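In: coords please:
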Amino acid sequence: MAYEVTATKKRPQVFDTLVGQEFVVSTIKNSIEQGRVAHAYLFSGPRGVGKTSSARILAKALNCEKGPTPYPCGVCSSCKEITGGNSTDVIEIDGASNTSVNDVRIIKDEVLFPPQSSRYKIYIIDEVHMLSTSAFNALLKTIEEPPSYVLFIFATTETHKVPATIRSRCQQFHFQLIPLETIKNVLQANAEEIGVQAEDEALFWIAKESTGSMRDAYTLFDQVLSFSNGHITLEAILQKLGITGVDSINTLMTHIVEEDSKMSMLLLDEILSSGVSVEQCIKDITSYIRVLLLIKRNIVNESILGMQLSSINTRVIALYNEEQLEAALYMFLQLYKDVRYSLSSRFELELAVSRLITLKQMMSSSRLVKHIQDLKLSLSENTTTPSIKRAEVKREIPHPEIKKEIPTQENTFVKVPKEEVKVEAAPQKIEIEQPVVQTPPPKEEVEHNKVEEKEVTVETIREMSQLLAEQRDAVGMLLHQVVGIDYKKDHLIIMFSSVYVVNQAKEHTTRLKEIFLQHCGFTGTLQYELEKKEEEKAKEAGDEVIQNIISMFRGEIVPN
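Out: Here you go, the predicted model:
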């Protein structure tokens with residue numbers, strides 16, 4: 001007996017064997033049982049999902065000698081003729097090759113004659129969207145009011161190309177893509193039936209490549225079976241068909257994450273030397289990046305991912321954010337378009353892999369704009385706050401020459417002798433000791449008083465910076481940029497080389513006071529200044545960078 005491909009051998013002969021189309025099957029079976037058969041049907045959907053097979057099963061169900069029945073027997077003469085494709089009352093027409101109005105006129109003449117041996121005369125027109133506009137117009141009246149014994153079944157993969165006047169005269173059924181897991185189970189059952197061993201990963205790959213089409217899955221299964229020698233493995237598939245394996249892509253992305261350009265290029269050369277085309281390699285990397293993006297968005301359904309979760313490198317997922325993965329996915333999608341007109345498609349791929357190495361530093365324009373706005377806001381707060389504080393000091397603190405009595409309350413405060421009221425005059429700042437409240441000092445202050453006071457030096461600050469950096473404290477970076485100090489027992493001037501760092505230090509004054517108190521026992525005041533040399537240079541030469549920043553943020557330099 002001649003060899004028969006699996007797609008033909010496994011073509012559904014009854015509704016119950018039609019996989020993945022439960023809604024269509026249940027609706028048609030109910031309409032047959034209730035005697036509500038329409039005179040025209042339109043089956044639409046992707047290729048290989050069972051449209052033509054459903055049309056033949058419906059024809060057998062209506063013309064079966066035991067029917068009309070939703071369960072055709074398959075053994076009567078009518079069922080056998082329809083299955084063999086030689087029934088005189090079930091006419092299959094290829095719409096792609098019979099597109100003219102003359103072909104439709106022949107149908108109009110034939111419908112006047114009743115069926116010869118069956119209950120219905122059924123016309124199955126495949127790829128009906130290929131008919132010309134004149135042919136559709138000639139068919140309108142016939143499908144709207146056909147004889148009672150005539151039935152039309154149209155099948156198409158592009159419903160939008162069928163005129164609305166045709167669609168409105170038909171009952172429409174949309175066939176869906178078959179789920180990946182369903183295709184894999186069908187292939188597993190078929191492999192067991194013919195006595196072939198098949199790895200689960202190999203069947204998963206075949207089901208993924210079929211993209212929801214059962215016919216494509218059977219066709220690819222036959223091709224793989226021809227070189228597998230009775231044992232289908234994923235390794236053999238990748239080797240024979242020139243496909244980049246997930247393990248190779250995982251290793252490549254690991255080198256990219258580690259920013260190892262040498263190993264990335266060597267592995268890419270090894271992949272291409274194994275026989276994988278540049279276009280196929282681009283497709284495989286694109287699919288891998290898509291899976292990373294979906295996992296990053298908490299989509300872990302393997303039928304959607306098209307890849308098993310256990311095969312993905314979790315380290316790569318953790319080191320990229322959604323924004324960077326979107327940029328990488330767009331870059332490789334664009335790369336696939338560009339390689340067709342490139343001088344060398346391999347050069348384009350190598351350049352794209354090199355760009356992936358710097359992906360972690362990528363920032364979108366929207367995020368960059370937001371970052372600039374945050375900087376602008378912080379700079380504006382830093383420039384306005386000191387002047388407000390100085391104004392408050394002038395209003396609230398009396399001049400030291402004016403003598404005023406400090407009010408006290410008998411229930412709350414203890415009367416303090418005049419000798420204990422100290423007024424210390426400092427440059428642009430007056431500090432007055434407030435009345436003492438009879439409350440126990442906080443525990444933290446008691447502990448800080450135990451710290452032995454020692455001299456603050458640049459070396460001491462460096463040691464504090466290193467210690468804070470190990471604790472991942474952001475203030476440690478500020479102390480690391482100290483270029484000099486002017487230390488007095490109750491006053492410390494810290495010098496930086498950048499205005500920006502000075503402003504940042506002002507924001508963290510409270511934290512800096514705590515650090516100096518804990519490590520050096522210093523309880524005096526802190527003041528921040530720009531390094532003398534840099535300040536003089538900025539005044540003489542008019543630092544362009546500072547002037548650009550002032551112009552960009554519409555600010556001004558406020559003196560300390």
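
In: Tell me where the model's unsure across the stretch 351-500 of the chain.
Out: Residue ranges of the stretch 351-500 of the chain with pLDDT under 70: 362-367, 381-453, 469-472, 474, 489.

In: Could you rerun that using 80?
Out: Along the stretch 351-500 of the chain, segments meeting pLDDT under 80 span 359-371, 373-374, 376, 379-456, 458-460, 462-481, 483, 486-491, 496-500.

In: Look at residue 189 and report its pLDDT.
Out: Listed pLDDT for residue 189 reads 91.

In: so which helix or strand takes in it?
Out: Element membership of residue 189, judged by DSSP states H and E, is helix 180-193.

In: what residues does the following helix or strand past that helix touch?
Out: Toward the C-terminus, helix 180-193 is succeeded by strand 197-198 as the next helix or strand (DSSP H and E). By CB atoms under 8 Å, 6 or more residues apart in numbering, the list of residues contacting strand 197-198 from outside reads 187, 188, 191, 230, 231, 232. For glycine as for every other residue, the C-beta is placed from the backbone atoms N, C-alpha and C.

In: same deal with stretch 291-298?
Out: 304-307, 309, 312, 316-317, 320-322, 325-326, 329.

In: how does this protein divide into domains?
Out: Domains of the chain are assigned by automatic domain parsing as 6-174, 180-240, 242-359, 450-560.

In: hang on, the earlier thing: helices or strands next to the helix holding residue 189 in the packing?
Out: Under the contact criterion of 3 or more CB pairs under 8 Å, 6 or more residues apart in numbering; DSSP states H and E, helix 180-193 touches strand 197-198, helix 200-209, helix 214-226, helix 302-305.

In: From the contact counts, what lies against the strand or helix carrying residue 143?
Out: Using DSSP H and E, residue 143 sits within helix 133-144. Contacting helix 133-144 under the criterion 3+ CB pairs under 8 Å, 6+ apart are the following elements: helix 101-110, helix 164-167.

In: can you pull out the strands in the stretch 451-560 of the chain?
Out: 482-487, 491-496, 525-530 (DSSP state E, counting those that start in this stretch).

In: my read is residue 122 is in a strand, agree?
Out: Yes. Membership of residue 122 in a strand is supported by DSSP: H, G, I helix; E, B strand; the rest coil.

In: Can you get me the start-to-end distance on stretch 480-493?
Out: 15 Å (CA to CA, to the nearest Å).

In: ugh, typo on my part, it should be stretch 4-12
Out: Span of stretch 4-12 from end to end, CA to CA: 15 Å.

In: if we look at that stretch, which residues are touching it?
Out: By CB under 8 Å, 6+ apart, the residues outside stretch 4-12 that reach it are 18-19, 50, 53-54, 57, 190, 214-215, 218-219, 221-222.

In: 6 Å instead?
Out: 18, 53, 215, 218, 219, 222 (CB atoms under 6 Å, 6 or more residues apart in numbering).

In: how far away is the fifth one from residue 281?
Out: When distances are taken as CB to CB, to the nearest Å, residue 219 and residue 281 turn out to be 24 Å apart.

In: and the helix or strand hosting residue 91, what does it pack onto?
Out: Assessed by DSSP H and E, residue 91 sits inside strand 90-94. Packing partners of strand 90-94 (3 or more CB pairs under 6 Å, 6 or more residues apart in numbering; DSSP states H and E): strand 121-126.
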